[in-house]
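Q: sequence and predicted model, in that order:
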Amino acid sequence: MAGVINTICNVIIITFTVAMVLHGIYYVATAMQSFRKIPKIPKREPQLRMAIIIPSRNEERVVGNLVDSLKRQNYPKELYDIIVVPNNCTDNTKGVALEHGAKVMDCTVPVKSKGEVLKFVFEKMLTDEPIHYDAFCVFDSDNVVDPEFLQAMNDAFLNGARITQAYRDTKNPSDTWVSSCHSIYYYTINGFFNRARMAMKWSGALNGTGFGIRRDYLEKYGFDTYTLTEDLEYTAQAACVPGELVTWVPDAITYDEHPLTLKESWKQRSRWTTGTIQCFFRYFGKLFTVGIKGGSASIDMLVLFSAPIMQILGLLPFIAIIVNAIVSKPSAEWWTTVAITGVVTMVLFYLFTVIFTWFVVKTEKKDPKLFLKGIFSFSLFLATWMPIAVLAIIKPNFEWKPMYHTRNITLDDIMGTSNANKQDDTEEHEGLKEPVQL
């Protein structure tokens, strides 16, 4: 019996170790493409009329700063509208949005997630609204936006893009170790995922905020998502359509607020992980079918969606080693060797994450001093993802829970502009201050 158990354990160790290594090699190989020169999106004259959509649930503390930053776009004011969509609000989100000069679209149907809000908005704007918009850009309420954002999106759309993803930067990189780790995580996504895929002419991935969609794409395919991660799901839907790509637009920059506590981070990453697993099982068949016909974006999405499952499967070799040891009853010296090996492995892993995160920050041309909390704690951040993945499999929570944002950080705080410039800008956009409700 012991021999049978040992054989099974050895098969598990070899099989899943090889699978993890291949998974890692895939991401290392694709990440290395980020060092290639990426194609520059040619500049174009401002032409497209755009609607900026801001789904908001109890965001009175931060939505005003987002609206203010959007009013400062270096883009013709007659070519864009800022539309806040309050939903399930119990605070003064609507009043703050109107006060800062945004239009407001009341959500008149029951919604439980951001994806359902966007579905309502797009269906209404494509059928009922008198204004014809050429494209739509979506933001979370806690963002502030670089002044060149809409111009960069205009350039991308006029050069053929139909779905776009902005560069996701951070508002609060040094608040806590958690916010610092989240900031570094998104720099990794920017550089080693989206930039790499742009270099390879593959499809990038939507990541929640700062993305855009052309009207003709919405008219043809709609916006209908079912999982907790509407961004990844919409990316998967696009990957199932041969020839449709998500274009990464590095010159379109949005600054995002990241969680301050491990509890909030855990809640957010639990939603991401559950939604990713939902996408894997919901779209596996379609993505695989398109992939075997030559769709690189489809295979890439399958590998991305498999990440939480691979995290869990990565535990099996360690469990098999322990079971093997118990059955074989090795000597004390063997256990000592295993313990020393484990400690050395953890130390090497920690040192690797420190070097890697420092490298990511430098590659993105940021000041490492602002990210020291994250650089020295990123290994813990990654380690906490393992139990999140396990719980997402054995006890998934399909309830969408909003993240509440409190960091009242303005565009001036981030960009270091003077109060005088801020006053000049306010005067320039005086015409946008009249409250409007759709």
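A: Looks like it came in fine.
Q: ok, residue 79 - how many residues close by?
A: If you count neighbours by other C-beta atoms under 10 Å, residue 79 ends up with 16. For glycine as for every other residue, the C-beta is placed from the backbone atoms N, C-alpha and C.
Q: for residue 142, see how far away it is.
A: 25 Å (C-beta to C-beta, to the nearest Å).
Q: helices or strands up against the longest strand seen in the chain?
A: Ranked by number of residues, the top strand in the chain under DSSP state E is strand 246-256. Here strand 246-256 touches strand 144-145, helix 149-158, strand 163-170, helix 196-200, going by 3 or more C-beta pairs under 8 Å, 6 or more residues apart in numbering; DSSP states H and E.
Q: what's the angle from the third one to strand 246-256?
A: Taking axes from the mean of the first three to the mean of the last three C-alpha atoms, to 10 degrees, one finds strand 163-170 and strand 246-256 inclined to each other by 30 degrees.
Q: hmm, who's touching strand 163-170?
A: 149, 152-153, 156-157, 179, 182-183, 186, 189-190, 194, 204-214, 217, 234, 238, 244-256, 258 (C-beta atoms under 8 Å, 6 or more residues apart in numbering).
Q: paired strands for that strand, with orientation please.
A: The pairing partners recorded for strand 163-170 under DSSP bridges are strand 211-214 (antiparallel), strand 246-256 (parallel).
Q: packed most tightly, which of those would that be?
A: Of all the strands paired with strand 163-170, strand 211-214 has the most neighbours on average by mean count of other C-beta atoms under 10 Å, namely a mean of 25.
Q: next helix or strand past that one?
A: helix 215-221 (DSSP states H and E).
Q: just how off-centre is whatever helix or strand comes next after that following helix within its chain?
A: Per DSSP H and E, the first helix or strand lying C-terminal to helix 215-221 is helix 230-239. What separates the centre of helix 230-239 from the centre of its chain is 12 Å, taken as C-alpha atoms, centre = their mean, to the nearest Å.
Q: likewise stretch 126-141?
A: Chain-centre distance of stretch 126-141: 21 Å, with C-alpha atoms, centre = their mean.
Q: only C-alpha atoms, please: export that stretch in CSV.
A: Provided in CSV are the C-alpha atoms of stretch 126-141 (Å, rounded to 0.1, in the frame of the first residue of the first chain):
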residue,chain,number,x,y,z
LEU,A,126,-27.4,53.8,-27.9
THR,A,127,-31.2,54.0,-28.2
ASP,A,128,-32.8,56.8,-26.1
GLU,A,129,-30.2,59.6,-25.9
PRO,A,130,-30.5,62.5,-28.4
ILE,A,131,-26.7,63.1,-28.5
HIS,A,132,-24.7,60.8,-30.8
TYR,A,133,-21.4,59.8,-29.1
ASP,A,134,-18.7,58.2,-31.2
ALA,A,135,-17.0,56.5,-28.2
PHE,A,136,-17.4,56.0,-24.5
CYS,A,137,-14.8,56.0,-21.7
VAL,A,138,-15.4,54.5,-18.3
PHE,A,139,-13.9,55.5,-15.0
ASP,A,140,-14.2,54.6,-11.3
SER,A,141,-15.2,57.5,-9.1
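Q: give me the contacts around that stretch.
A: 47-56, 59, 62-63, 66, 70, 81, 84, 93, 118, 122, 125, 145, 149-150, 153, 157, 208-215, 218-219, 254, 256, 405, 438.
Q: buried subset of those residues, written for ChimeraX?
A: To isolate the buried ones among the contacts of stretch 126-141 in ChimeraX, judged by 16 or more other C-beta atoms under 10 Å, type:
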select :48,49,50,51,52,53,54,55,56,59,62,63,66,70,81,84,93,118,122,125,145,149,150,153,157,208,209,210,211,212,213,214,215,218,254,256,405,438
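Q: and for residue 202, the neighbour number?
A: Neighbours around residue 202, by other C-beta under 10 Å: 19.
Q: that one reaches residue 245, doesn't it?
A: Yes - between residue 202 and residue 245 a contact is recorded at 7.2 Å, counting by C-beta atoms under 8 Å.
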